[in-house]
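K.L.:
Sequence first, predicted coordinates after that:
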Amino acid sequence: EDFTIGLSNGWVGSEWRTQMIEEAQAAAEKWKDKGVDIKVVVQSANVDVPGQIAHVRNFINQGVDAIIINPNSPTAFDPVFAQAKEDGILVISTDAEVSSEDAIYVGIDQTNWAALSAQWLADTLEGSGQVVAINGVAGHPANEMRIAGYTSVFDQYPDIKVVNEVNANWDQAQGQQAMQNLLATYPDIDGVWVQDGMAAGAWRSLMDAGKAGEVAATGEIRKDFIDLWVKNDFTSGASVNPPGVMASALNVAVFMLKGRELKEPASAGQYKNAMYLPIPFIDGDNVETVAKELEGKPGFYSYTSALSIDEAEAYFK
Amino acid sequence: MSRLKLQQICKYYGATTALASGDLLLERGEIHVLIGANGSGKSTLCKVIAGSVRPDGGTFELNGKPVMLFGPQAAREMGICLFYQELSLANSLSIAQNINLYHLPTHAGGLIDDAELNKRAEHYISKFETVIGEGFTPDAPVAKLRPDQKQLVEIMKTLASEAEILIFDEPTSALDRSQVECFFSILRELKEEGRSIIFISHRMDEIFDIADRITVIRDGTTVSSRLIEETDHSTVIRDMIGEQPEAAALEASLAPQAEKKTESCLVAEGLSGAHIRNVGFSLAKGEILGLGGLHGQGQSTLLRTLFGAEKLQSGTLLLNGEAVHPTNPRAAIKNGFSYVSGDRVRDGVITGRSIMENVSPIHFLKDKTFLAFPSVLARIIEPALGALNTKYSSLGASISSLSGGNQQKVVIARWLTNPPDILLLDDPTKGIDLSAKSELFALVRKLADEGMAIILYSSEDGELLAHSDRILVFNNGSVSRELLGEDKTRFNLYEAAYSGAQ
Amino acid sequence: MTIMQHSNPQESRSALFVYLKNPLLVAFILIVLLLTAGEALSPGFASMEQILRLLIVAALLGIVAAGQNLVILGGREGIDLSVGGVVSLSAVLAGNVMDGSNANIIAAILVCLAAGGLVGLINGVGVTIFGIPPLVMTLGMLGVLQGLLVVIRQGIPSGLAAPALANFVSKPFLFNLPGIIWLWAAVGLLMAFLLMRTSLGHKIYAIGSNENAAYMAGVPVRLIRIMLFALSSMFAALAGICILGYSGTSFANVGDSYMLSSIIAVVLGGTPLSGGKGGYTGTMAGAFLLILMQSILTTLSIGESGRQVVFGLTLLVLLLFYGRSKALRG
Amino acid sequence: MTKAISFKSRMATLLRRFPFIPALGMLMLLFILNGIAEPNSMTVRALKGVASTYLALVFLSVGQTFVVYTADIDLSVGAILSLVNVSIVVIMSQFGGEPYVVLLALGAGIAIGALCGLMNGIVVSGLRMQAIVATFATSILISGIALWVLPVAGMPAPSLFWKVYGGRSYGIPNVFFFIAILIALLAIMAKTGLVTKLLAVGNGQLSAYQSGLSVTRIRIYGYIICGIFAALAAFCITGDTASGDPLVGGAMTLSSVAAVVLGGTALSGGIGSAFGSAIGAIIIGLISSLVFYAGVPSQWQNLAQGATILVVLMLGVLASKRINQ
Ligand SMILES: Nc1ncnc2c1ncn2[C@@H]1O[C@H](COP(=O)(O)OP(=O)(O)OP(=O)(O)O)[C@@H](O)[C@H]1O
Ligand SMILES: Nc1ncnc2c1ncn2[C@@H]1O[C@H](COP(=O)(O)OP(=O)(O)OP(=O)(O)O)[C@@H](O)[C@H]1O
Ligand SMILES: O[C@@H]1[C@@H](O)[C@H](O)OC[C@H]1O
Ligand SMILES: [Mg+2]
Ligand SMILES: [Mg+2]
């Protein structure tokens, strides 16, 4: 058997995305042992929404069997995915959900991802305290789902007050500056809920202000941050959105191409087309184990996990 | 009732008074000349009339009624159109588009009517048919034209307004004799039609050729206004310069015929380039070599080529016996060349910067100085400015606060901090007033007497005849005749210039 | 012409106006006003420590803006859109070379400045020798740098700042001020000296004001312009190193926000984009002003859309004070 | 010798009238290369795909051209596109997807685009601020409003809307008709006095003013036209994506500037063609597909794309210069 699978990534501004592609490529290699020859074609570059729609059209022209996409927009691909489906192409989105009924989503539930770390924060603060939130790009769907996630948790705690929410555009230095400005305005905060990509920056400002010991804040999964966490014994907790999601999606895709049927159809999430993967969690209890696992990796390497071929098969009839 | 009546118009730019009390009475069917030294406020007065400068005071009446202008468009609506000294052309547009820019002819649907556009343009172009030169077609872009051709387009554009009041602010500064004559005959026709014309020029013979009335402005104030019959050269000059009668004798002060210099320092053979062909000459120390002929025959190209600003395709150049190949101005300057252009806006003035910064570059280059402390620089710069009687408030003042003539002096002073061996003058007095001219040429002669070798191109034949020791007459890129000694007369100059011309 | 010794009607009226037209003064007045407003909105905002932290962030922007300032001063639509890319490139390179060790700092600085210099050289050559408009050349270069970053990051370890560098940026260094602030002050002095007391400064202004006249006066126009682009990239590279110190680790998109904000800082500082006039002191004030504004906005709880609207409007109002072109009617 | 010169000057005249000729050559070349690398990219369906994907950038770049004509620039086009996109989607979903609502929404979209253009024009031309920084400031403002109109991407557009955009009439994809209409529109616009006046202003504001043109107003018109084309671009994006996204245009602004340059319009104003910008926009698209079809490994794709665009930009500028000399 052989299949051609197109991978599309429309933003290369973070190492997480590069790792995502590499893991997916590595996952494809593993199918050789099973006698399946998978040819992966990749489009990964900074493009705008039309540019990424063009990615999909290029794949269609090439006649790939499946497309796996980390989309720049949740809704913009509906028409072009419909076209792909007409051509009998399987479309899977990962990392961010899409509204198209012609595609399925394989990845983590971003809302739950945020809720988990918000829950950790609420527990750590024992249900009361002043909290600030530092978010990514306003208007970006993943960002808004994450806001919904932590809001749903904090709403259950009348004594937890979210005093301010700011955007730092998933940029570490902007996260650091935002934290610094928040500290100047709210010197008495107890907790920080901050998204990955900016948590390391926020923690740096906490350290500079001498508050690292007093404040609980969410963390992230890059190796350099995990090392800092262990070394300074932060009070932190991080939900893991593993860059391996695309590899997981690829394994799922291959089974579907082989004609296998899911035990439970992908029907979760707001668009009723999602298949959610488990979300690992790192906190004080396991951070040292994680740190050991990451030894020898580059600083920007993210803690990861992916469905192995066998694990993926378990989802199928 | 006068057509136009201006009284006590004033205009200030910060601390500079551009116009203190401008008065003007313009009648129907007259050619009214405005004259005055550089910076006396002529252009400012014209711009006030044409709406592009907002006056700070004074009264303005058109046909007996006071008017308030809100801009050039309003002036155009009232039948006033100005030829701008600095030109007002859109370079990438065609000649026809430029001529018709204000009233683009359109079809019923509102789209441009190209046929009509070209027809109207042709109408004005045809008036100059004999003197426009090559490449002057309605659809040619203005960018490709020579300076005199651009000036002609601006003239046509002004004429195309068919305005009742036409103002020409130095329209002839780049034109040669035949072009001027053609233009003047058109002006006379317009006058016959009853239009009112204001005309500005620094060329005295032109003025007396065309004027019905001459109004003199000095230091921003109108000082006299006389009918042509009631005045003469020396009266005008006296009015212009006030209490300095000796300058009036200027026209008479033809330079003494210098004796033939022998020690040649620059020898050129077979120079060819973009607009010059096979030019050869030798230049001696202490000599002022004049370049004559009609406009655009390669004179300024030769100067720019010698200075490295234009490509030399073939030929040899010996400087004090050694071969040099001018590749760029920087190298030329290091070899002892210097160059003063009449186009100071393009080639000379470092706009908006201080007088000091405008003088310093050559000093930096020749002395290889890196530090620039104002007090140290002042000691070098002040004498250079002084040698030309430059008027300025302080070295730190912006050069834009000076009048054209004084700006030109600053640009020339740049070369005097570290005097060159060879001075190339490319129509250096274009748009400079009479007293500045005489000061400049006195200095040039002095520099020559001190041993500097000088090449002078001037678009004013009188100037050329008066100040050069020898004249090379150019025709179509090459030297058609050399005039020296007794031969150096206006007659010979014209004959050589015109007879070779095609 | 006449230079009026006595006062004319406009002169006395315009005295106040002249002061209001001094960008430096306006910037300082605005800084004081904003600090007061910030303090009123949230007490403690104008504390010494907070101002110091803002200064650190402003210094990072200010150093990028120094290069931007030079390119803009040099005229001919000079602008450098590639500075953000160079900042990112330099931060990533510095992190990789340093690998968290003080011993490698010098090497990292040399590598980054060389890389920056090379990028600037290419920009400069493209602009001067090939005659590509700066906006186009540096926009194209930005795309190249973004691509280069993806390539460079493949499998190269680390990205950690050396401890000494991190301390230099955020810990007190001399008289209780962090080293980065001293560095910024030094950049300020150097720029002021360069622009006002050297022949190079005169030449930069000359090519910015009238390139052709400068050329005819023997100024090596192309050489100087190439130098300006090289300096711009080198300042951006220097800032990239400092930003690595500020954030401790390098990450890919670190420089993105510097592209347009460095231009705004220069303009707020009174250097018009047309070049040939202005200077760096104003730019320093402009950089601080911009950071201060952003910081006050972060602390307002008005939601991101509200913040953007307020920021946009504030910028527009500020720009009214600066670098407006002259009216066409004199 | 004389023959060569006259050939050159004929080329120069030709190029002055049609400044997009080098871009057209580049476009042909890219089509051929794409076709060699992936023959399927030459099918009608693929061409329709290219057209529907890049029509938005085409309109955006065309709009940008009218501003660049006067030597101005508009860094807010992407934000305007986003604002119009979310506005029309919100209007259509509020009032249902009936044809008259769709038309109403389109009318509102054009009005919003024109208003944004008017604001830019007033700020840049009326208040005489520097275009680059002032339109950057307005872009922040406009993005803020877009976020307020639709805080998160995702609202679907009615099917009528995108079915028309993606559909066919008489067997021919509708986007091809839109392109034909655009070309006709541009041909007509090029003959209007306004374009000549925009170019005259681009040649020199003072000269144009002194010639009696209302420079301020003409520049404002340029911005308004640009805003309207940004709105048309938003219609295309909405047609191709069938949804609203407050961030959708952000990354397109700089591409529109690049497209304008690729099309042979000088950023210094006074010379150029809007048609060229349309070609430039497609060139940008074809470069990124070529990089993929040619099999460039993923980590090199961004670099290959960036470097190719830089080289093509340089070649384009050099070509226009050479022939103009
Ligand atoms: N825009 C301006 N800003 C400042 N000063 C100006 C401006 N325009 C003119 N001036 C000054 O006003 C004075 C009068 O200038 P104007 O151009 O009217 O003189 P002019 O008589 O036309 O001189 P020329 O014969 O050299 O053309 C000069 O001192 C000039 O420097
Ligand atoms: N032959 C020359 N060699 C070097 N520099 C020159 C030369 N001629 C002019 N320059 C000056 O250097 C500047 C830049 O040089 P260059 O000649 O490369 O510009 P260009 O290629 O003519 O571009 P453009 O004319 O389109 O601005 C010019 O503006 C001019 O002032
Ligand atoms: O978790 C983030 C992921 O969702 C985004 O797509 O890329 C960056 C990551 O930090
Ligand atoms: Mg004048
Ligand atoms: Mg000549």
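P.N.:
On my side now, so go ahead. Numbering: from 1, shown residues only, chains lettered A, B, ... in the order given. Ligands and ions are numbered 1, 2, ... in the order given.
K.L.:
tell me what the helix or strand D:L24 falls within is packed against?
P.N.:
Assessed by DSSP states H and E, D:L24 sits inside helix D:21-37. Contact analysis of helix D:21-37 by 3 or more C-beta pairs under 8 Å, 6 or more residues apart in numbering or on different chains; DSSP states H and E lists helix D:2-17, helix D:274-293, helix D:298-324 as its packing neighbours. Placement of C-beta: from N, CA and C, glycine included.
K.L.:
Would you convert those helices into CSV that also reports distance to B:A211, mean neighbour count and mean pLDDT?
P.N.:
What follows is the helices and strands packed on helix D:21-37, written out as CSV (distance: least, C-beta to C-beta, whole Å; neighbours: other C-beta atoms under 10 Å in any protein chain shown; pLDDT from 0 to 100):
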stretch, distance to B:A211, mean neighbour count, mean pLDDT
helix D:2-17, 41, 12, 67
helix D:274-293, 50, 26, 93
helix D:298-324, 43, 20, 86
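K.L.:
Switch those over to CSV; also include distance to chain C.
P.N.:
Supplementary listing: the helices and strands packed on helix D:21-37 in CSV, determined by distance: least, C-beta to the nearest C-beta, whole Å:
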stretch, distance to chain C
helix D:2-17, 16
helix D:274-293, 10
helix D:298-324, 3
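K.L.:
Format those helices as JSON lines; extra columns: distance to A:M179.
P.N.:
As requested, those are arranged in JSON lines below (distance: least, C-beta to C-beta, whole Å):
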{"stretch": "helix D:2-17", "distance to A:M179": "56"}
{"stretch": "helix D:274-293", "distance to A:M179": "37"}
{"stretch": "helix D:298-324", "distance to A:M179": "30"}
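K.L.:
what's the closest of those to B:D421?
P.N.:
Minimum separation from B:D421 across those (C-beta to C-beta) falls at helix D:298-324, 36.5 Å.
K.L.:
how about that closest one against chain A, any contact?
P.N.:
Yes: with C-beta under 8 Å from any C-beta of the partner chain as the criterion, chain A is reached by helix D:298-324 at D:S298, D:Q299, D:Q301, D:N302, D:Q305.
K.L.:
hmm, back to that, of the helices and strands packed on helix D:21-37, which approaches C:S274 most closely?
P.N.:
In this view, the helices and strands packed on helix D:21-37 are compared for proximity to C:S274 by C-beta to C-beta, and helix D:298-324 is the closest at 20.8 Å.
K.L.:
Which other helices and strands does that closest one contact?
P.N.:
Using 3+ C-beta pairs under 8 Å, 6+ apart as the contact test, the elements touching helix D:298-324 are helix A:15-30, strand A:37-44, helix C:134-153, helix D:2-17, helix D:21-37, helix D:252-262, helix D:274-293.
K.L.:
For the shortest one, what does the pLDDT average out to?
P.N.:
Regarding strand A:37-44, the rounded mean pLDDT is 93.
K.L.:
List the pairing partners of it within its sheet, with orientation.
P.N.:
Using DSSP bridges, the neighbouring strands of strand A:37-44 in the sheet come out as strand A:2-9 (parallel).
K.L.:
how about the partner strand against ligand 3, any contact?
P.N.:
No: under the criterion of C-beta under 6 Å from any ligand atom, ligand 3 is not reached by strand A:2-9; the shortest gap measures 8.9 Å.
K.L.:
can you state the direction angle for that strand and helix D:298-324?
P.N.:
Computed with axes from the mean of the first three to the mean of the last three C-alpha atoms, to 10 degrees, the direction of strand A:2-9 lies at 60 degrees from that of helix D:298-324.
K.L.:
number of nearby residues for D:A200?
P.N.:
Counted with other C-beta atoms under 10 Å in any protein chain shown, residues neighbouring D:A200 total 31.
K.L.:
again with the one 5 residues further on
P.N.:
A count of neighbours around D:Q205, defined by other C-beta under 10 Å, yields 21.
K.L.:
Would you mind naming the helix or strand containing the residue nearest the centre of chain A?
P.N.:
Closest to where the C-alpha atoms of chain A average out (C-alpha atoms, centre = their mean) is A:N241, at 3.8 Å. With the criterion set as DSSP H and E, no secondary-structure element contains A:N241; it sits in neither a helix nor a strand.
K.L.:
tell me the contacts of it?
P.N.:
Contacts for A:N241 (C-beta atoms under 8 Å, 6 or more residues apart in numbering or on different chains) come out as A:D95, A:I108, A:Q110, A:W113, A:D196, A:I221, A:I279.
K.L.:
Output these in TSV; the columns should cover secondary structure.
P.N.:
TSV is the format used below for the contacts of A:N241 (DSSP: H, G, I helix; E, B strand; the rest coil):
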residue	secondary structure
A:D95	coil
A:I108	coil
A:Q110	helix
A:W113	helix
A:D196	coil
A:I221	coil
A:I279	coil
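K.L.:
quick one: which of these is nearest to chain B?
P.N.:
Ranking the contacts of A:N241 by separation from chain B, with C-beta to the nearest C-beta as the measure, puts A:D95 on top at 49.8 Å.
K.L.:
partner residues bridging the residue nearest to the closest one when sequence neighbours are not counted?
P.N.:
Spatial nearest neighbour of A:D95, chain neighbours left out: A:N70 (4.5 Å); criterion: C-beta to C-beta, 6 or more residues apart in numbering or on different chains. The partner list for A:N70 in beta bridges (DSSP bridges) reads A:N9.
K.L.:
Cheers, nothing more for now.
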